[in-house]
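Participant: mind folding the following:
(chains A and B)
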Protein chains: 2
Amino acid sequence: MAKANEKKLVEAITPMDQDFAQWYTDVVKQARLIDYSPVRGCMSLLPNGYAIWEQIQHALDKMFKATGVQNVYMPLMIPESLLQKEKELVEGFAPEVAWVTVGGSEELTERLCVRPTSETLFSDLFSKTVQSYRDLPKLYNQWCSVVRWEKTTRPFLRTAEFLWQEGHTVHATAEESEERTIQMLNVYADFCEKYLAIPLIKGRKTDKEKFAGAEATYTIEAMMHDGKALQSGTSHNFGDKFARAYDIQFTDSNNQLAYAFQTSWGLSTRIIGAIIMVHGDDDGLVLPPRIAPVQVMIVPVAQHKPGVLEKAAEIEACLSGRYRVQVDASDKSPGWKFSEQEIQGIPLRVEIGPKDIEKGQAVVVRRDTREKYFVPLDELEKKIGEIIDAMHQDMFDRAKAHLDSHIYEAADYETFKDTIKNKPGFVKAMWCGDVACELKIKEDTTATSRCMPFGEAPIGDKCVCCGRPATRLVVWGKAY
Amino acid sequence: MAKANEKKLVEAITPMDQDFAQWYTDVVKQARLIDYSPVRGCMSLLPNGYAIWEQIQHALDKMFKATGVQNVYMPLMIPESLLQKEKELVEGFAPEVAWVTVGGSEELTERLCVRPTSETLFSDLFSKTVQSYRDLPKLYNQWCSVVRWEKTTRPFLRTAEFLWQEGHTVHATAEESEERTIQMLNVYADFCEKYLAIPLIKGRKTDKEKFAGAEATYTIEAMMHDGKALQSGTSHNFGDKFARAYDIQFTDSNNQLAYAFQTSWGLSTRIIGAIIMVHGDDDGLVLPPRIAPVQVMIVPVAQHKPGVLEKAAEIEACLSGRYRVQVDASDKSPGWKFSEQEIQGIPLRVEIGPKDIEKGQAVVVRRDTREKYFVPLDELEKKIGEIIDAMHQDMFDRAKAHLDSHIYEAADYETFKDTIKNKPGFVKAMWCGDVACELKIKEDTTATSRCMPFGEAPIGDKCVCCGRPATRLVVWGKAY
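Facilitator: Modelled structure (predicted):
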């Protein structure tokens, strides 16, 4: 009976090679990260899913604050007239906003959109609170949800509502706002590498792919198991464009009136999709140990025997000062518990049974490699830390090797199309700068320009698409 | 010049005795807690205001989790058909919900309300995820914003959108859900007393005042400086009412199909209004030290003199392990800094100047009493902790003395009306249980029944309003 159930538990996940999309959906559901909600295109984040977001918030919020950022909260609803002050932004977002038109029983005289992003409200706030260069910079951030009326949705990757943070800053000079834009991109990249074990390509978006209304958009792009790209965080420099639209003027140190410069930057629950698709395997989720809500699950073996549960509790008490740890003392069989925890991606399992107690040891099992360690109990606390560090590094290294080995180069269009078609991954190729080539490439291959990567030398001098002179190196790929 | 500015800073706050409502508005604005937003009835929470909420979240979330609660996130928008399954809830909330009717450029076939509260979505989730008694209890909570289309609004106290947490639990038995309802009310009360230094009256709401759809609503009521009540947190027991409306059935341990029992409980940014109106004074905000985002502000005196800023930084480094501490090294005058910090309610100021350095001491000043302490530098870390504890206790004691001395009793209706009219505060009086008396009292006096307090003996046997037999003791008062 228990055996049959265990089998059922694992069989619930479609193998990755068989159907990657179905594998993803199965993992999300079986790891109990979300539930589909009765609201079109929206999901309910269950405890296992939300706890990952809480860990992300906790780590990222600290990194933001270390750079001087302060948290605020701005209204959810934006009057249409305020939205319309910046033309490009409206055009970019209008097709996908939800409109509140009735309040209580009354038709509203002006409809309100549910925020798809909050540049407009922050700009309005800055226009009221920034008078002098002494008021600058202002470095604000908010944790909230946004709504974008997407037609086709997938858990974490594309939903009508999602959780994110949006940072909004205002500065006295163009140099400062550019510096902040890059600084926050680097914060995202550091966070992904140090906490999520996800390697990235950093670069600038082409004009076609940049944020509506931005002067420049920078991005971090991650590669999933299936070779597709996931845009994982973006940072925008607006120059003084919004300042001119929303009249954010201040008296500079020479007593001259000047327009201010702005940035915004965001990272969303989408990143949980990246965690799943970069690290997961056929048995389920594999959580990077530094972000896992439960880092260590203690499983008592033969827990009815005297002393076993007591020892498990003792180990929990010993570890809980340094790690996020739980004991699974439920009446399920150990095998069932193992499967459940593997599906949920808990990084380390500590097994403790009568024989282990006799030997004064515990068995530690890593989720990613299934490696077993027999650890003397008095070394457990220290050893767990070492295993976590090693596991993090190995997960990063594997993901980096996967990324590196799936980036190709193409000098001519036939090679380009052939590579995109037959080899999962990214293709580096030169681009003339004409949006027509981007559109043609998208039509021919469904690939899009992911970014113009930082610090990479050209690999040719002709556009891979049209053959005209080209100085820009672009990373292309199919994307989520 | 500096003197004139300092005066201006303080003069910006209307004295409490002169106009309490204006005092409140001035404090909220001058302490830079909020800014009025361009969205009708909504406010922008600025860093000083949001940081208080972050501290509240941090402390309360820990208390929730210690009782087994897990955080989740449910959609912002609720389909009208889902909302309408529980009739009382719809009737209670319909007049004050905002409706999304357009998504992108299309009219929706079913309109969606922006959540005013989420019983409906949680009930729907429970109906899908609760099958067996083994799935119970589920103890969920979410931190989010809700929208209620209020006509007249005041910062923190009543706004069209506000931040809160809403807990939703589901249980196998009526006893368990009643126990959880009271448990969470006690968590709120403990939190208010231990972190906010706010004493409370705990009790049960009358049917007229209870939550739409609840079997019983329990409340914590605080008394403001002006004697008015502020409902500061509520906990509801739904019995199996929502389970019947949303079909939440499970197989119990006897293999019988049974309806589940639910609770919900919420506390919002309203509580920041209570902090202001319980502790504030004519110079501004007074933050309870355990919840203050900045507990200690170090002000260097004669900071241009050698060694002063270095010593201030040294003190900051020494204190920052245990306290939330900052140095104000701006080029404002010390007097200006003092005024600003007083307006913002920072609990402790540490002054350090050349003379103090010579004596090896710092001057610590309490915001509430202005008491000065001359503390040897090597005792500072310990002494600050003692002052924080003393300040917290004194603030609580003063608020408790104010509460106790403004509760009156009335045995007859003339005394009742006269007390409500002439004495700010609460009135205890017996009530027959008839809603007609509640309505009459409200019409005659504008006072409402705040609660039927726990554990208090009757003070008579006749209804204060109609004279009929009465067994219920009710606390009455004017309320925000």
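
Participant: now the helices for the stretch 151-300 of chain A?
Facilitator: With DSSP state H, counting those that start in this stretch, the ranges of helices along the stretch 151-300 of chain A come out as A:174-196, A:241-246, A:270-279.

Participant: can you check the pLDDT for residue A:95?
Facilitator: Confidence at residue A:95, expressed as pLDDT, is 84.

Participant: wait, doesn't it sit right on residue B:102?
Facilitator: No: counting by C-beta atoms under 8 Å, residue A:95 stays clear of residue B:102, with 11.6 Å between them. Yep, even glycine has a C-beta here, placed from its N, CA and C like the rest.

Participant: those two - which one has more neighbours?
Facilitator: Of the pair residue A:95 and residue B:102, residue B:102 is the one with more neighbours under other C-beta atoms under 10 Å in any protein chain shown, namely 17 against 12.

Participant: now the more buried one: closest residue in space, sequence neighbours ignored.
Facilitator: Distance criterion C-beta to C-beta, 6 or more residues apart in numbering or on different chains; nearest residue to residue B:102, sequence neighbours excluded, is residue A:99 at 4.0 Å.

Participant: where does the one you found fall, helix, sheet strand or coil?
Facilitator: Here residue A:99 is recorded as strand under DSSP: H, G, I helix; E, B strand; the rest coil.

Participant: for beta bridges, what are the partners of residue A:223?
Facilitator: Counting by DSSP bridges, residue A:223 forms beta bridges with residue A:229.

Participant: check the stretch 351-480 of chain A for the residue nearest chain B and tell me.
Facilitator: residue A:480 (20.8 Å; C-beta to the nearest C-beta).

Participant: my read: that residue touches residue A:226, true?
Facilitator: No: Residue A:480 is beyond contact range of residue A:226, at 9.5 Å (criterion: C-beta under 8 Å).

Participant: point out where chain A drops to low pLDDT.
Facilitator: Scanning chain A for pLDDT under 70 picks out A:1-11.

Participant: geometric centre of it: which residue is closest?
Facilitator: With distances taken as C-alpha atoms, centre = their mean, chain A has residue A:271 as the residue nearest its mean C-alpha position (1.8 Å).

Participant: now the residue of chain A most remote from its centre: phi and psi?
Facilitator: Largest separation from the mean C-alpha position in chain A: residue A:306, at 45.3 Å (C-alpha atoms, centre = their mean). Taking degrees, to the nearest 10, you get phi -60, psi 140 for the backbone angles of residue A:306.

Participant: now do the contacts for the closest residue to residue A:434 other than its chain neighbours.
Facilitator: Closest residue to residue A:434 apart from its sequence neighbours, by C-beta to C-beta, 6+ apart: residue A:466 at 6.9 Å. For residue A:466, the contact set (C-beta atoms under 8 Å, 6 or more residues apart in numbering or on different chains) comprises A:432, A:434, A:436, A:437, A:440.

Participant: what of residue A:239?
Facilitator: Contact analysis of residue A:239 by C-beta under 8 Å, 6+ apart lists A:174, A:177, A:215, A:261, A:262.

Participant: in the sheet, who's paired with it?
Facilitator: Here residue A:239, judged by DSSP bridges, has bridge partners residue A:262.

Participant: measure it to residue A:72 for me?
Facilitator: According to C-beta to C-beta, to the nearest Å, residue A:239 and residue A:72 sit 23 Å apart.

Participant: again with residue A:373
Facilitator: Counting by C-beta to C-beta, the gap from residue A:373 to residue A:72 is 46 Å.

Participant: tally of neighbours for residue A:302?
Facilitator: When neighbours are defined as other C-beta under 10 Å, residue A:302 has 11 of them.

Participant: whichever residue of the stretch 151-300 of chain A sits closest to chain B: what's it in contact with?
Facilitator: Nearest residue of the stretch 151-300 of chain A to chain B: residue A:161, at 5.4 Å (C-beta to the nearest C-beta). Residue A:161 is in contact with A:39, A:41, A:42, A:145, A:146, A:147, A:148, B:75, B:76, B:77, counting by C-beta under 8 Å, 6+ apart.

Participant: gap between the helix or strand residue A:139 falls within and the chain center?
Facilitator: Element membership for residue A:139 (DSSP states H and E) is strand A:138-147. Between the centre of strand A:138-147 and the centre of its host chain there is 16 Å, according to C-alpha atoms, centre = their mean, to the nearest Å.

Participant: what angle do it and strand B:138-147 make?
Facilitator: On the basis of axes from the mean of the first three to the mean of the last three C-alpha atoms, to 10 degrees, strand A:138-147 is oriented at 110 degrees to strand B:138-147.

Participant: output the contacting helices and strands for strand A:138-147.
Facilitator: helix A:47-66, strand A:70-71, helix A:119-129, strand A:161-171 (3 or more C-beta pairs under 8 Å, 6 or more residues apart in numbering or on different chains; DSSP states H and E).
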